[in-house]
Structure formats: structure tokens, C-alpha cells
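Participant: Pasting a predicted model and its sequence here:
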Amino acid sequence: MQSLEHQLLIAMPSLNDPYFTKTVTYICEHNENGAMGLVINIPVRITLKELLKQIDAKQSLQDVSNQRVLAGGPVSPDRGFVLHSGQDGWHSSLTLQDDIMITTSKDILQSLGTERAPKQFIVTLGYAGWSAGQLEQELQQNSWLNTDADKQILFDTPIELRWQRAAEKLGIDLGHLSSEVGHA
């Protein structure tokens, strides 16, 4: 089994799961037990400023006032994840690849909008999970394309363009792919 950690999963137009239609998912962990990732292009109806107010964050929120919180996946949607550029010092942090980390603790949320915050970050609620062998099966069924993760897509590309930009890394124009599946 080849690990898909630090890869982007790009939903094919033929993927019938309503949650994952036109999504891009960053794979945080993939091993013989399954996979875990964060969808990086589905905004929820709350801004980061509103979320931080709910947890009684006291910092100035000017820098994050309009940043969108994302639906990271259908599993545990009440649980928050911060995918961010590398920066040590947070509780519950895990280095994923070079300069990308994931943190699940409240202390990082309280830093957002301050000089202590990571330079780049996205906040998600929930995650996407696959049981052992499930993701491999979905790849064989052509539900997903995959490519190396790209910090530009993760942190700098507008949310609504991430699906298209991820596919463009592979030289694919998703507008030319059919959602119909056939057999020769």
C-alpha cells in the first residue's frame, strides 16, 4: 500500500456522494488502518470571527474577521481542526509534512488574529475518514484523483477555486470530464 499522506484528493465529477461533490481533501494520515483528511473547499455558514466569539476568545479579530470556517468532513462536525504552517508550541499538534501541521487544541484558536498565530492557517469543523481499504477501493472506482499537496492551494487559493486548481496541477480541466461513467 502506498500512503497518500500529504496528498490532495480531488473528487471526480462522477462521484455520487453529495457531501464530497467537487471537493478537495488534504490527507493527513493514511495507513493500513484507514485514512483521515480535511476537506479544504466547503465553507460553513460561520466566519472565524464568529467562531472565536463563541469560544470567548478575547483577542482582536481584525485579521480574521471575514475568514471562513470550513466543513472538514462529515465525521465529528463539532470538533475543530487547524491546519497551519509549521509553528511549535501548541498543545495537541502533529507535524504532517515539512512546514504543515495540524492542531486540535483551543490554545491555537485563541492565538488566531494575534502576532502569535501561525502565518498561514485554515480552520475546519469535522473531518473525512475512511476505514481500512475503503479509500483504496474508491480510488480504483475512479472516484478520486490525487496529487501532491501544495501550500499555495491549501492556504492562498480562494476556496471556490481549490477544486479546479488542484486538478490543474495534474494538467486536467475538470470542465472537460464527464460525470457519466461507461465501460468499453
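Facilitator: Here it is on my side, so go on.
Participant: Look up which residues are beta-bridged to F81.
Facilitator: T124 (DSSP bridges).
Participant: Okay, strands next: where are they in the protein?
Facilitator: With DSSP state E as the criterion, the chain has strands at 7-11, 24-31, 34-39, 43-47, 68-71, 75-85, 93-97, 100-103, 121-131, 144-148.
Participant: Any regions of this structure where pLDDT drops low?
Facilitator: Where the chain drops to pLDDT under 70, the residues are 1, 56-65, 176-184.
Participant: what about 80?
Facilitator: Residue ranges of the chain with pLDDT under 80: 1, 53, 55-66, 87-93, 98, 113-114, 174-184.
Participant: mind checking how far L154 is from L8?
Facilitator: The gap separating L154 from L8 is 8 Å, by C-beta to C-beta, to the nearest Å. (Glycine included, C-beta is placed from N, CA and C.)
Participant: tell me, what's touching those two both at once?
Facilitator: Contact criterion C-beta atoms under 8 Å, 6 or more residues apart in numbering; residues shared by L154 and L8: Y26, I40.
Participant: Compare these two (neighbour count), which wins?
Facilitator: For L154 versus L8, the count of surrounding residues by other C-beta atoms under 10 Å is larger for L8: 27 against 22.
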